[in-house]
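Trainee: Predicted model, plus sequence, below.
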Amino acid sequence: MQPLTRVEGRAIPLGLKNVDTDIIIPAKWLKTISREGLGKGAFETLRAQPGNVFDDPAFAGAPILIAGDNYGCGSSREHAAWAMLDLGIRVVIAPSFSDIHSGNAVKNGILPVVLPQDAVDRLLEVAREGLEIAVDLEAQTVTTPYQDRFTFEIDPFRKHCLLNGLDEVGLTMARGEAIGSFEAQRADTQPWLMQGTAG
């Protein structure tokens, strides 16, 4: 997983409430186990509408998405996070998130930023003007060229994982020496547990 410290760029001004995981990536795209290529199906139903923000050249490659309340509700499909990442989104700003989707986002290197509705409304205005927004995870701030500065809270463990690019596998590998030491000690003190594990 790629570490995330600071993300700066244009933001997609979606603003919709209750964007569920079926909107983020429709069910017909769930037949794959690959994380690559899902960006083509991301927000497919919204992109079918003329004048949608996802196909506006002004927001092409934007790394930030600004949404409304209850973002990521619906199913627990991890493909939703994969699709956003494949689309290039590294930060989603909204007043609230589904717990499961928020967890899936972090595990895939996407920062969910919770801000009050008035702050989100202000960021939507700035995004619609085509100006860049900066999200600093270390400082836990969102800033704009107009000197707006909004602070956000994040679980310290999630922050650590994002800053260091650690998913579950990375966290386990980081403890490799301690795990090896424990296994060696257990083999010495409880050898009967190790029977049949050699090979």
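Mentor: Cool, got the structure.
Trainee: Show me where the chain has its strands.
Mentor: Assigned by DSSP state E, the chain shows strands spanning 6-9, 11-13, 64-66, 91-94, 111-114, 133-136, 141-143, 149-151.
Trainee: Now do the buried residues in the second one.
Mentor: It refers to strand 11-13. Neighbour-count burial for strand 11-13, counted by 16 or more other Cβ atoms under 10 Å, picks out 11-13. The way it works is simple: take the backbone N, C-alpha and C, and place the C-beta from them, glycine included.
Trainee: average pLDDT for it?
Mentor: Mean pLDDT, computed over strand 11-13, is 98.
Trainee: elements contacting that strand?
Mentor: strand 64-66, helix 117-128 (3 or more Cβ pairs under 8 Å, 6 or more residues apart in numbering; DSSP states H and E).
Trainee: among those, which is the most enclosed?
Mentor: strand 64-66 (a mean of 28; mean count of other Cβ atoms under 10 Å).
Trainee: Return the list of strands paired to that strand, each annotated with direction.
Mentor: For strand 64-66, the pairing partners within the sheet under DSSP bridges are strand 11-13 (parallel), strand 91-94 (parallel).
Trainee: Surely Leu162 and Leu137 touch.
Mentor: Yes - between Leu162 and Leu137 there is a contact at 6.0 Å, judged by Cβ atoms under 8 Å.
Trainee: Those two: which has the busier surroundings?
Mentor: Leu162 (23 against 20; other Cβ atoms under 10 Å).
Trainee: leaving aside the residues next to it on the chain, what's closest to the more buried one?
Mentor: Leaving aside its sequence neighbours, Leu162 sits nearest to Leu4 (Cβ to Cβ, 6 or more residues apart in numbering; 4.7 Å).
Trainee: thought that neighbour was touching Cys161?
Mentor: No - when contacts are counted by Cβ under 8 Å, Leu4 is not listed as touching Cys161 (9.4 Å).
Trainee: quick revisit: hey, what's in contact with both of Leu162 and Leu137?
Mentor: 4, 111 (Cβ atoms under 8 Å, 6 or more residues apart in numbering).
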